[in-house]
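Chemist: I'd like to go over a predicted model; first the sequence, then the structure.
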Amino acid sequence: MSKIEQKSIDLASQEMLKKAQAEGLNTCWDRVDSMQPQCGFGQLGVCCTVCNMGPCRIDPFGEGPECGVCGATADTIAARNLARKIAVGGSAHSDHGRDVANTLLMTAKHGGQDKAKGSHSHDYDITDENKLKKVAQEIGLEIKGKDKFELAKEVGELMLGEFGKQKGELLFINRAPKKRQEIWRKLGIVPRGIDREVVELLHTTTMGVDNEYRNLMLTGMRCALADGWGGSMIATDLQDILLGKPVPIRSKVNLGVLKEDEVNVVVHGHEPVLSEMAVKASRDPELLKLAKEKGANGINLAGICCTANEVLMRQGVPVAGNFLQQELAIITGAVEVMMVDVQCIMPALEQLASCFHTKLITTSPKARFPGVKHIQFTEEKAYAVSKQIIREAIDNYPNRIKEKVNIPKQTMDLVAGFTKEVVFQILGGTYRASYRPLNEGIISGRLRGVAGVVGCNNPKQTHDLFHVELVKELMKKDVLVLQTGCSAIACAKAGFLVPEAAKQYAGRGLQEICDAVGIPPVLHLGSCVDNSRILTAACEIIKEGGLGEDLSDIPAAGAAPEWMSEKAITIGFYFVASGVYTVFGADPFSVFGSKNLTEYLTNGIEKDVGGKFAFSDNPQEMAKLMIEHIDNKRKALNLKPAMYA
Ligand code: SF4
Ligand code: MSK
């Protein structure tokens with residue numbers, strides 16, 4: 001992939017790639033080229049390093065070994081490799097959820113102490129008491145006579161207990177339709193404790209344990225469900241309680257949000273507990289004064305990846321870019337500090353930052369880079385740590401080398417901040433909040449159905465192309481699109497996340513709905529853990545009635561067009577295990593070396609859980625597959641065909 005236009009469709013990114021090329025700077029696009037050809041055994045999933053009798057590899061053409069030293073076949077090896085990825089992806093989201101539960105507990109403790117003293121001294125607060133009460137009631141807690149800190153303590157303790165629970169079922173499983181719960185129970189895949197499911201899945205993949213691909217996938221689904229209906233859902237709900245539930249909010253996206261005359265601080269990673277404090281610190285009068293003294297006109301905070309989505313949803317902080325733009329942000333030469341927490345942070349940033357004045361600062365004890373400045377974040381000192389990092393950025397502003405600065409002009413308006421609760425109100429109004437209008441829209445055929453389009457970027461594909469082309473096609477066919485993660489950022493840059501986009505891109509039916517309620521045709525629901533919002537919104541559709549009894553009945557489909565992370569695999573599995581047809585772009589999950597496993601994932605699994613996977617390396621074909629599926633579901637519900645398209 002040598003031409004810059006083939007590397008990214010985004011003009012701002014193309015400009016930075018040209019700069020990188022001119023200055024001899026290495027990016028992931030160069031590195032992916034230098035990797036070619038990538039290992040065929042790895043791509044097919046038939047390489048095993050599980051034990052020290054290996055590494056072993058199976059010849060996919062049947063001319064070499066048919067099994068490893070231990071006798072493991074391609075089916076076992078590919079299924080074990082995939083199962084390990086599910087466990088890793090689930091552990092990442094869930095560890096995030098655990099940290100939020102701990103922050104909630106700490107807030108409850110400090111809040112209680114402060115109340116006794118009659119003062120408020122702590123950095124965090126219980127921001128959404130209503131959601132706290134709702135969650136508390138839902139999980140069986142008595143709310144009467146308890147203040148918000150007492151209740152937060154009880155909720156936090158119960159939620160934290162979900163990680164180590166040895167028996168029983170995860171509490172949020174109850175949110176799923178009854179029919180879905182029964183399917184899971186029958187198959188024995190209702191998750192128990194989140195940690196337990198990750199450990200058990202890893203155990204089954206060790207040498208000489210589970211050798212049956214279907215069983216490995218069932219255990220994998222239980223682990224993935226523990227993420228989607230456990231770790232991720234806990235992260236989303238507790239973050240809303242702690243930091244506030246998002247509401248529709250306008251902002252801007254793309255590298256042009258970086259400012260020539262201000263101190264630029266880029267937050268990158270996934271966890272909002274520190275970045276929320278950084279937003280606060282960037283507005284601190286003392287620090288703004290300091291920035292002025294250093295010659296800057298202000299402090300400009302912008303985000304990359306899902307930390308960006310988190311602070312966008314709640315604070316309207318502009319987004320500098322998605323996953324493949326992390327290096328490009330540094331190449332602008334205008335970033336004083338890039339502060340990173342966990343996940344999706346390229347190790348290459350360290351070397352690249354050293355070519356500019358940019359300071360890379362790590363903040364999590366879980367994620368250190370050799371030779372990179374580390375300012376450890378602790379919940380107890382969240383604001384002080386944030387101020388220290390912003391101060392570092394201000395002090396670094398005079399070191400910016402003017403000749404090296406090149407900020408692309410491109411920005412785009414967007415509206416984010418959609419949640420299950422917000423959709424209720426927008427569709428039904430404050431006094432009769434309901435999903436009825438959405439269900440009616442689907443039943444009448446004005447809306448063909450709903451799609452969740454999520455996930456990363458991958459330099460093996462043209463940056464943003466799959467997201468944009470797929471979503472364009474879905475809108476045209478009257479499919480309402482729900483998005484999270486880097487996919488939402490890609491479509492925001494394309495201008496799909498504003499109400500006016502309906503006129504330009506949506507089919508007539510979707511346009512009518514968007515015009516009536518004033519929403520964009522593509523709704524931004526947040527970060528990767530917020531895929532749980534898509535699950536809960538789907539549950540509301542079922543509860544509202546008229547579209548079946550189970551999630552698998554809804555005319556809906558999911559997609560991860562440019563995925564790269566193990567987390568995307570886990571998300572795919574919890575969607576499929578919840579009954580959703582899910583299409584993956586780029587390379588499949590490295591399973592094609594096993595015919596049986598491939599057949600199970602794309603067909604057999606449907607008999608077990610009602611959802612299945614499809615793989616395609618063409619966005620138009622992905623759209624076609626999703627639309628066909630949606631139309632089939634409409635037929636199965638005896639609904640008329642889509643009204644207009
Ligand atoms: Fe080879 Fe079996 Fe060991 Fe894998 S577990 S490395 S296939 S001997
Ligand atoms: S950040 S997991 S690249 S979506 Fe959530 Fe983006 Fe994928 Fe990371």
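Modeler: Sure, I can see it. Ligands and ions are numbered 1, 2, ... in the order given.
Chemist: verify the contact between Ala176 and Lys543 for me.
Modeler: No - judged on Cβ atoms under 8 Å, Ala176 makes no contact with Lys543 at a distance of 10.8 Å. Bear in mind the C-beta positions are built from the backbone N, C-alpha and C, glycine included.
Chemist: neighbour count winner among the two?
Modeler: Legend: neighbour count by other Cβ atoms under 10 Å for Ala176 and Lys543, higher for Ala176 (25 against 11).
Chemist: ok, now which ones touch the more buried one?
Modeler: Ala176 makes contacts with Trp184, Trp229, Leu535, Cys539, Leu551, Ser578, as judged by Cβ atoms under 8 Å, 6 or more residues apart in numbering.
Chemist: check Leu497 too.
Modeler: Here Leu497 is in contact with Leu414, Val415, Ala416, Ala488, Cys491, Pro520, Val522, His524 (Cβ under 8 Å, 6+ apart).
Chemist: ok, now how distant is the closest residue to it other than its chain neighbours from ligand 2?
Modeler: Nearest in space to Leu497, with sequence neighbours left out and distances taken as Cβ to Cβ, 6 or more residues apart in numbering, is Leu414 at 4.0 Å. Remark: distance between Leu414 and ligand 2 (Cβ to the nearest ligand atom, to the nearest Å) = 16 Å.
Chemist: show me the strands in the stretch 1-150 of the chain, by range?
Modeler: 47-48, 56-57 (DSSP state E, counting those that start in this stretch).
Chemist: same list (the ones you listed) but as CSV, adding mean pLDDT.
Modeler: CSV is the format used below for the strands of the stretch 1-150 of the chain (pLDDT from 0 to 100):
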stretch, mean pLDDT
strand 47-48, 98
strand 56-57, 97
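Chemist: if we can go back for a sec, unless I'm mixing things up, the residue nearest to Leu497 is touching Ser251, no?
Modeler: Yes - assessed by Cβ under 8 Å, Leu414 is found in contact with Ser251 at 5.8 Å.
Chemist: ligand 1 contacts on the chain?
Modeler: The chain comes close to ligand 1 at residues 48-51, 53-56, 68-70, 72, 77, 207, as judged by Cβ under 6 Å from any ligand atom.
Chemist: who wins for most neighbours among these?
Modeler: Ranked by neighbour count (other Cβ under 10 Å), these have Ile77 at the top, with 30 neighbours.
Chemist: what sits against that residue?
Modeler: Counted by Cβ under 8 Å, 6+ apart, Ile77 has contacts Gly45, Val46, Cys47, Cys48, Cys56, Ile58, Gly68, Gly593, Ser594.
Chemist: can I get the residues you listed in JSON lines including distance to Ser275?
Modeler: Putting the contacts of Ile77 into JSON lines (distance: Cβ to Cβ, whole Å) gives the following:
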{"residue": "Gly45", "distance to Ser275": "36"}
{"residue": "Val46", "distance to Ser275": "41"}
{"residue": "Cys47", "distance to Ser275": "38"}
{"residue": "Cys48", "distance to Ser275": "39"}
{"residue": "Cys56", "distance to Ser275": "43"}
{"residue": "Ile58", "distance to Ser275": "44"}
{"residue": "Gly68", "distance to Ser275": "45"}
{"residue": "Gly593", "distance to Ser275": "41"}
{"residue": "Ser594", "distance to Ser275": "41"}
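Chemist: from the residues you listed, which two are the most distant?
Modeler: Spanning the widest gap among the contacts of Ile77 are Cys56 and Ser594, at 14.1 Å by Cβ to Cβ.
Chemist: who's in contact with whichever helix or strand Ala393 is part of?
Modeler: Using DSSP states H and E, Ala393 maps to helix 382-396. Here helix 382-396 makes contact (Cβ under 8 Å, 6+ apart) with 123-124, 263-265, 273-274, 277-278, 280-282, 284, 287, 290-291, 294, 296, 299, 336-337, 339, 357-359, 361, 363, 373, 375-378.
Chemist: try it again with 6 Å
Modeler: By Cβ atoms under 6 Å, 6 or more residues apart in numbering, the residues outside helix 382-396 that reach it are 123, 263, 265, 277-278, 281-282, 287, 290-291, 294, 336-337, 339, 359, 361, 375, 377.
Chemist: for stretch 95-112, same thing?
Modeler: By Cβ under 6 Å, 6+ apart, the list of residues contacting stretch 95-112 reads 122, 124, 149, 152-153, 156, 159-160, 163, 231, 234-235, 238-239, 242, 271, 273, 379, 529.
Chemist: same thing with stretch 157-172?
Modeler: By Cβ under 6 Å, 6+ apart, stretch 157-172 touches 98, 101, 139, 190-195, 229-230, 233-234.
Chemist: what's the first-to-last distance across that stretch?
Modeler: 15 Å (Cα to Cα, to the nearest Å).
Chemist: could you give the mean pLDDT of it?
Modeler: Taken as a whole, stretch 157-172 carries a mean pLDDT of 97.
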